[in-house]
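**Q** fold the following for me, if possible:
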Amino acid sequence: MPSPLKRVTAADVARALGISRATVGYVLNDTPGQSISEATKRKVLETASSLGYQPNRAAQALASGSSRIVLLLLPDWPLDHSMRAHLDETSLALEEAGYSLVTFTEHPGSRARPLWETLDPDVVMSLTDYTDEQLASMRACGVRRVVHQGPPTMGQLGYALGPQYLVEHLVERGRRRLAFAGSPDPRLADLVGERRRLADATHRQLLGSGLVAGADLNLDNAEQIIREWVSSGVDGVVAYNDDVAALVAGTALRLGVGVPDSLAIVGHDDSPIAQLYFPSLTSIRMDYKGMGRYLASLALGELQGRNSHDLTEVEFRATLVPRESS
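**A** All right, here's what the predicted structure looks like:
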């Protein structure tokens, strides 16, 4: 019996059965064209399982020329509910096709080597545009496949519809002076700015003028900002996401401001906190399953030599979920 600290090899399985290493290798690798009896195959698999045999993935990758790894480059964004849900669906779709998803984020100032230098991925894709330095490094490392399809647009992801639906919802509820509450996280500045711009455009379209106020809220400034907004007549708040909406709602209630009677509040992403918070938060539910499978399709299309341009004309649903906060 091999030591528990030593990796079990096909040779160990062969010795335990008293048969050749080649026969064991043919069975474990499911090599076609071999005249091996079903009884022998069964014994090999049973013995391998009982010994705790695990295939050497590095050796398999070397032999097959495929690591079965898809490397996804992530921007330096926080892994919030929406990102986790997106990645879960991408990973599941790739697993169904026999691939493993590995993610990598290059943080500013990092001295770590990029993962494409060590993993030998079958394909690399990204949620944002590649830098020239990244592409040069991939070429130098021999990365064979890179998904050059640009990331989905805000419109394709349904993000354009989310802020629109939220503003329309508040206006339908009789609110006329809306503010936007953003996140102070500098990594989210572009996303916060885009959602605020979209909300402002809808407010301008419906009411003839833009949002009356806007600020990035945190635990230190929330009370002052909410107090100023309420005193200036703000009667509705479009929050960047559900976490910010919860901060606005909690702060308003501590100040004695009725939610939603005096201040209606809406969030985005339909994260678990939206349902669990009191009052429950009106939010936008995104099509994370569709997004994830879209991303997986880009990788699989590259791997299978399919042109991915037919995947560009795709849009994902954004659904308003009304709750107590509005």
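**Q** I figured residue 206 hits residue 172, correct?
**A** No. Look at residue 206 against residue 172 with CB atoms under 8 Å: they stay out of range, at 9.5 Å. No exception for glycine: its C-beta is placed from N, CA and C like everyone else's.
**Q** tell me which of the two has more neighbours.
**A** residue 206 (16 against 10; other CB atoms under 10 Å).
**Q** A helix includes the more buried one, no?
**A** Yes. Under DSSP: H, G, I helix; E, B strand; the rest coil, residue 206 falls within a helix.
**Q** name the residues of stretch 27-35 that are buried.
**A** 27, 28 (16 or more other CB atoms under 10 Å).
**Q** so what touches that stretch?
**A** 10, 13, 25, 26, 36, 40, 41, 44, 45, 48, 53, 55 (CB atoms under 8 Å, 6 or more residues apart in numbering).
**Q** switch to 10 Å and redo it
**A** Contacts with stretch 27-35, where a contact means CB atoms under 10 Å, 6 or more residues apart in numbering, come from 10, 13, 19, 22-23, 25-26, 36, 40-45, 48, 53, 55, 60, 63-64.
**Q** ends of it, how far apart?
**A** Using CA to CA, to the nearest Å, one end of stretch 27-35 lies 10 Å from the other.
**Q** now do it: distance to the chain's middle.
**A** 39 Å (CA atoms, centre = their mean, to the nearest Å).
**Q** next: stretch 219-228.
**A** Counting by CA atoms, centre = their mean, stretch 219-228 comes out at 31 Å from the chain centroid.
**Q** what comes up buried for that stretch?
**A** Buried residues in stretch 219-228 (16+ other CB under 10 Å): 222, 225, 226.
**Q** in helices, which of those fall?
**A** 222, 225, 226 (DSSP state H).
**Q** quick one: contacts for the closest residue to the last one other than its chain neighbours?
**A** By that I understand residue 226. Nearest non-adjacent residue to residue 226, counting by CB to CB, 6 or more residues apart in numbering: residue 251, 4.9 Å away. By CB under 10 Å, 6+ apart, the residues touching residue 251 are 181, 217, 219, 221-227, 257, 259, 263.
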